[in-house]
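Undergrad: Please work out how this folds:
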Amino acid sequence: YDRKCVFCRIARREEPSTTLLPCEYEDLVCFRDIKPGAPHHYLVVPVEHMGNCKTLKKEHIPLVKRMMEVGKAVLQSNNISDLSDTRMGFHWPPFCSISHLHLHVLAPASQLGLLSRLYYKVNSYWFIT
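TA: Predicted coordinates:
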């Protein structure tokens, strides 16, 4: 837990302005992005403080898979049935504003604005899926 990390505080329910969405895993939380890049833009965050995606190792594969499951589930619960029109990924350092691992879940990807299409470009130098 890092008291200075906003995602740590959100995960511990210390930020009352952030509404947590239903999540089937106790070690993850999900909430809306405060600067949405698409009509549906959510963040899936581990409760435990973890560094950015560069710190991921082979043993974190199950965690990332669970994060993606949560992302798909929140989209489906919001009536997004076409999961092929979604974008999920991580910003690659130094292009992440918060250094606590978080998965961006955006839908429909076909409705991303011009800047969002650049900012969340698939497998670019700054965003990896």
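Undergrad: all strands of this protein, in order?
TA: With DSSP state E as the criterion, the chain has strands at 28-32, 40-46, 87-91, 103-107, 127-128.
Undergrad: list the buried ones in stretch 108-125?
TA: Using 16 or more other Cβ atoms under 10 Å as the test for burial, stretch 108-125 gives 108, 109, 112, 116, 117, 119, 120. Using the backbone N, CA and C atoms, a C-beta is placed for each residue, glycine as well.
Undergrad: biggest separation within those, which pair?
TA: Taking Cβ to Cβ, the two most distant members of the buried residues of stretch 108-125 are 108 and 119; they sit 16.0 Å apart.
Undergrad: who does the longest helix anywhere in the chain touch, helix- and strand-wise?
TA: Secondary structure of the chain read by DSSP state H shows that its longest helix is helix 61-77. Using 3 or more Cβ pairs under 8 Å, 6 or more residues apart in numbering; DSSP states H and E, the elements in contact with helix 61-77 are strand 28-32, strand 40-46, strand 103-107.
Undergrad: strands paired with the last one, and their directions?
TA: With DSSP bridges as the test, strand 103-107 is paired with strand 40-46 (antiparallel), strand 87-91 (antiparallel).
Undergrad: how about it as CSV, C-alpha atoms only?
TA: The C-alpha coordinates for strand 103-107 follow below in CSV (Å, rounded to 0.1, in the frame of the first residue of the first chain):
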residue,chain,number,x,y,z
LEU,A,103,-5.6,-2.1,-17.5
HIS,A,104,-7.5,0.3,-19.8
VAL,A,105,-10.8,-1.1,-21.1
LEU,A,106,-12.4,0.9,-23.9
ALA,A,107,-15.5,0.3,-26.0
